[in-house]
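Enquirer: Just to be clear, the model below is a prediction. Sequence and coordinates:
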2 protein chains.
Amino acid sequence: MEPQARVAYQKIQDQLEAGDLPEAAGLLVAEHPADAADILMALEEAQRVTLLARLQRDEVAAIFHHLDSEDAADLAEHLGPVTVAEALDVTEPDVAADVLGDMETEQAAQVLGRMRQAQRVAPLLLHPEESAAGVMTPDYLALDAEMTVDETIRHLRQSKPPSDTIYYLFVVDVERRLQGVVSLRDLVVAAPETPLKEIMNPEVVSVRAGTDREEAAHLMRHYDLMALPVVDEAGHLLGMITFDDAADVLEEETTEDIYRMVGLSEEERALAPLGATLKRRMPWLLVNLFTAFVSAYVVSFFEPTISQMAALAVFMPVIAGHGGNTGTQAATLLVRGLALGEIGTGDIFRVLVEQLIFGVIHGLAAGAVSGLIALIVVGNPWLGLVVAVAMIGNVLLAGILGGLLPMLLRALRLDPALMSSIFLTTCTDIGGFIMLLGLGTLLLPNLLGR
Amino acid sequence: MEPQARVAYQKIQDQLEAGDLPEAAGLLVAEHPADAADILMALEEAQRVTLLARLQRDEVAAIFHHLDSEDAADLAEHLGPVTVAEALDVTEPDVAADVLGDMETEQAAQVLGRMRQAQRVAPLLLHPEESAAGVMTPDYLALDAEMTVDETIRHLRQSKPPSDTIYYLFVVDVERRLQGVVSLRDLVVAAPETPLKEIMNPEVVSVRAGTDREEAAHLMRHYDLMALPVVDEAGHLLGMITFDDAADVLEEETTEDIYRMVGLSEEERALAPLGATLKRRMPWLLVNLFTAFVSAYVVSFFEPTISQMAALAVFMPVIAGHGGNTGTQAATLLVRGLALGEIGTGDIFRVLVEQLIFGVIHGLAAGAVSGLIALIVVGNPWLGLVVAVAMIGNVLLAGILGGLLPMLLRALRLDPALMSSIFLTTCTDIGGFIMLLGLGTLLLPNLLGR
């Protein structure tokens, strides 16, 4: 929460405690809607609904724009269909569609039935949430190539389009096929009598409705676009994605990557309600526990060896820990590189070669250090050898798996971040234990000095 | 690289191999500068410089805009001061400052000495790179409140400002103190005779020059701003941050967080040159190795116990692995929550309580499962008890450390992501081993059935 919003939040809480609801509502709407949304979510659920019910529909609409659609849907379910329909009628169609999409189907249908702009919002509900069309707004300006700059400006003065739809004007033909784009800047600096066709850029970057929303957002970042038109198969303009929605998409996808790497649900949040957290995290933590037992099962085969040479158990955390970190680092670099488009599946051979070379150098160094420490501290050259070889092998395994796993997941069109670190550490644990304890078993007579 | 850029890249390579430099250069500049930048970086270094040396200065400038400033600085050092000065004179002052800031001091001075816009660029070099002023452009439109809409539009038609500086017009007083903001949209839709003071928004969100650049970028995301004015202590307008630069800042800071969590340098990249990677990663990997040996040192105290009860070693990876994952998940949630502003240092008590409650429930569940498996598989109820207690203790430790470590780092004004996962897994390894093996040592007579 912004500092000034925190101050307002305190005052609003005081007014709510004093029972002065009108004053509390007045304080809330005096804040920027982005801050009002933060303040609202910091209040108790019951207070939230009571307060929101007192606001004007355009105030509710502005706050909905800044809330997560899940939070807005949650509130909407408590507000009653008439109030919600009125608010969603004055919000952007894409915001309305997001809120409706996250409400219970029955309640959403009731709201939609009462909305005046239902016809504009309903089609948006049909697009998959993960597609470009799922994050587009159907509010855009489509103009004729023959219009002059002056006519266009007069048209804008009359229609007064909202601010986030105006920065790119799209030029379309009679069948609404996208012909070009004119930025508001180009319109303003051009001579009044110029026709749009002379200042439009005919090489418009656009995406199909079914394009992945992350790909669309990356395209906007790559070309520094404030808006990206979305077209159907035949090139008809359907809507556009605005820069703030693209930023939301990238932020969500990055959070999803980070959480998936460590086996968290993308919906998880710090300070989520306990019940939801338990429901989301427990299944994966059980999977974690299961993978840990798989490692233990591997170790159990070597119990007789460990009984005779307990020093091998001392080096287990060294081999496992260093392998795990090496693999996680490699996987993290690859997952982020793939997400930012710095590398692609075509680079798989280069990744493999790089991991091999780095792994050999790093493995030899880490193996030499570990082996020397084992030799010096325990005073057993055979133990030094076993530890060194296991370290070299595990570092190589970790680098190759960490490098290849995300590339393979991407090649299979799965998320490269999927459970990478948990799967990896299990593999490096098992690989490391087999090398350390297996070699220890083979060389047990030497280790024991017999 | 975008698909069509990959095609162009192949053609350019073919022309370069055929020795047709003019044709290769022609193909390069036919691409969007964002793609030309990608293509250039995919070529060999020598080809890059040869090709760039053939381009017009405005073409070089456009490519510099889309390159990482380190890459651009690297190229600039090979191009010669005259060519670079000419190119930087026609690029945005903030891009020029970034490139100069990343060049060798001597070479940068030579270039700056030859630049016509040195006076505008040089002051930018004084601001710290991590500050709001370090990412601002001094190109902005500052107008008088008494000007009418019509006068302003005529002024814009004459001065033809570049596209990313025009979307917000700032209204300043005679001393250049920021008074208000007029969006280009509001200007276009307003009646021509309206004075700016009537349509300007006097409540401008702005930041001080020294504000952290990440904070500034978050502010822009929070309020959906396309540009954010930067002012000095007295409120004088210095420049503004544009939405594309803010997006770059957020992307860099996120990558930094992700990499730091696993102990990688923020400069690391997948497929970085081997020498650079070795130099950057080796020191940290040695730190990793050292922390792994600390865990081993702890285990070594319990060698006599392990010799008598090797089954304890079998459960080491279970306790350590599950604790490590639990702690990493908690730390990841907190680091991301802090980065997105979902939580702040004020929430430390709530985080602690939540981790405690979740830890107790999760610990009891994981402890019961692990203890039961130990009991059933090994058939030793005392071993079941030891494993269960160590698991409960380690899960609690992991949750509390994972929750508190990022909060404490933030409270100390350090990066919450700093080495969180490596430090955490070392702590949970050590804590888990002490609990498992310590309790095992205490209860050894019972474990051995004596």
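Expert: In hand now; what should we look at? Numbers count the residues shown, from 1 in each chain, chains lettered A, B, ... in the order given.
Enquirer: so where does the nearest residue to A:M1 once chain neighbours are set aside fall, helix or strand?
Expert: The shortest distance from A:M1 to any non-neighbouring residue, by Cβ to Cβ, 6 or more residues apart in numbering or on different chains, is to A:D38 (4.8 Å). (C-beta placed from N, C-alpha, C; glycine too.) Assigned by DSSP states H and E, A:D38 falls within helix A:33-42.
Enquirer: Can you list the buried residues in that helix?
Expert: A:33-41 (16 or more other Cβ atoms under 10 Å in any protein chain shown).
Enquirer: could the residues you listed go into CSV alongside pLDDT and distance to B:L225?
Expert: Listed next are the buried residues of helix A:33-42 as CSV, based on pLDDT from 0 to 100; distance: Cβ to Cβ, whole Å:
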residue, pLDDT, distance to B:L225
A:P33, 91, 13
A:A34, 92, 10
A:D35, 93, 14
A:A36, 93, 17
A:A37, 92, 16
A:D38, 90, 16
A:I39, 91, 20
A:L40, 90, 21
A:M41, 88, 21
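Enquirer: which of those lies closest to chain B?
Expert: Closest approach to chain B among these (Cβ to the nearest Cβ): A:A34, at 5.3 Å.
Enquirer: Please give me every residue in contact with the spatially closest residue to the closest one that is not a sequence neighbour.
Expert: Nearest non-adjacent residue to A:A34, counting by Cβ to Cβ, 6+ apart: A:H66, 4.5 Å away. By Cβ atoms under 8 Å, 6 or more residues apart in numbering or on different chains, the contact set of A:H66 is A:33-34, A:36-37.
Enquirer: Spatially, which two of the residues you listed are the most separated?
Expert: A:A34 and A:A36 (7.3 Å; Cβ to Cβ).
Enquirer: And the helices in the stretch 201-350 of chain A?
Expert: Using DSSP state H, counting those that start in this stretch, the helices of the stretch 201-350 of chain A run over A:213-222, A:243-261, A:274-300, A:303-308, A:311-339, A:348-378.
Enquirer: Where does pLDDT dip in chain A?
Expert: Within chain A, the stretches with pLDDT under 70 are A:419.
Enquirer: center of it - which residue?
Expert: Central residue of chain A (Cα atoms, centre = their mean): A:E253, 1.8 Å from the mean position.
Enquirer: ok, and the closest non-adjacent residue to that residue?
Expert: Nearest non-adjacent residue to A:E253, counting by Cβ to Cβ, 6+ apart: A:E214, 4.9 Å away.
Enquirer: my guess is the one you found meets A:E251, correct?
Expert: No: with contacts counted by Cβ atoms under 8 Å, A:E214 stays clear of A:E251, the gap being 11.1 Å.
Enquirer: list the buried ones in the helix or strand hosting A:G26?
Expert: For A:G26, the element it lies in under DSSP H and E is helix A:21-30. For helix A:21-30, a neighbour-count test (16+ other Cβ under 10 Å) marks A:24-25, A:27-29 as buried.
Enquirer: any idea where the strands of the stretch 1-150 of chain A begin and end?
Expert: A:141-143 (DSSP state E, counting those that start in this stretch).
Enquirer: Check whether the host helix or strand of A:H155 comes near chain B.
Expert: A:H155 belongs to helix A:149-159 when assigned by DSSP H and E. Yes: using Cβ under 8 Å from any Cβ of the partner chain, helix A:149-159 reaches chain B at A:153, A:156-157.
Enquirer: Stretch A:175-185 now?
Expert: Yes: against chain B, stretch A:175-185 shows contacts by Cβ under 8 Å from any Cβ at A:183-185.
Enquirer: nearest to A:L437, of those residues?
Expert: The nearest member of the residues of stretch A:175-185 next to chain B to A:L437, counting by Cβ to Cβ, is A:S183 at 65.9 Å.
Enquirer: Surely the closest one touches A:Y168?
Expert: Yes: under the criterion of Cβ under 8 Å, A:S183 makes contact with A:Y168 at 5.7 Å.
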